[in-house]
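>>> Structure of the sequence below:
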Amino acid sequence: MEVYSEYHNGDRKATVTHLRRSLDPRFDVWEVAMYVQGKPIQRTTLHSEPDAEQLAEDFVKGYGSA
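Numbers count the residues shown, from 1 in each chain. Below you'll find the predicted structure:
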C-alpha cells in the first residue's frame, strides 16, 4: 500500500492510495479515503488513477460524497 496523494480543504481531507493486488498491474486498484474533521466517513475503490484523483478533489471541494 502506498499513499499516492492527499487533498485538504477546510475540515475535509481525502487520500488516494495505490493498492497493488498482485505482480500483474492489471489487478491494481486505487482507494480514496474521505475524512471530515479527521474522522473517516467513506472509502471507495476505483480501477483508474485519474478517476481516484478526481473523486478525491471533488470531495474536498464539496462536490462529492458526504
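>>> And the helices in the chain?
Listed in chain order, the helices found in the chain under DSSP state H are 49-61.
>>> May I ask which helix or strand of it has the lowest mean pLDDT?
For the chain, using mean pLDDT, DSSP states H and E, the weakest element among its helices and strands is strand 2-9, scoring a mean of 90.
>>> tilt between it and helix 49-61?
Between the axes of strand 2-9 and helix 49-61, defined by axes from the mean of the first three to the mean of the last three CA atoms, to 10 degrees, the angle is 30 degrees.
>>> Please name the residues that touch residue 13.
Residue 13 sits next to 6, 7, 34, 35, 38, 60 when contact means CB atoms under 8 Å, 6 or more residues apart in numbering. All C-beta spots, glycine's among them, are computed from the backbone N, C-alpha and C.
>>> related to what we said a few turns ago, just the residues contacting the least confident helix or strand of the chain, thanks.
For strand 2-9, the surrounding residues in contact (CB under 8 Å, 6+ apart) are 13-18, 20, 30, 49, 52-53, 56-57, 59-62.
>>> hmm, back to that, drop anything exposed from the contacts of residue 13.
Listed as buried from the contacts of residue 13 are 7, 34, 35, 60; burial here means 16 or more other CB atoms under 10 Å.
>>> measure the first one to residue 55 for me?
Residue 7 sits at a distance of 10 Å from residue 55 (criterion: CB to CB, to the nearest Å).
>>> what sits in contact with each of those two?
Taking CB under 8 Å, 6+ apart as the criterion, residue 7 and residue 55 both touch residue 14.
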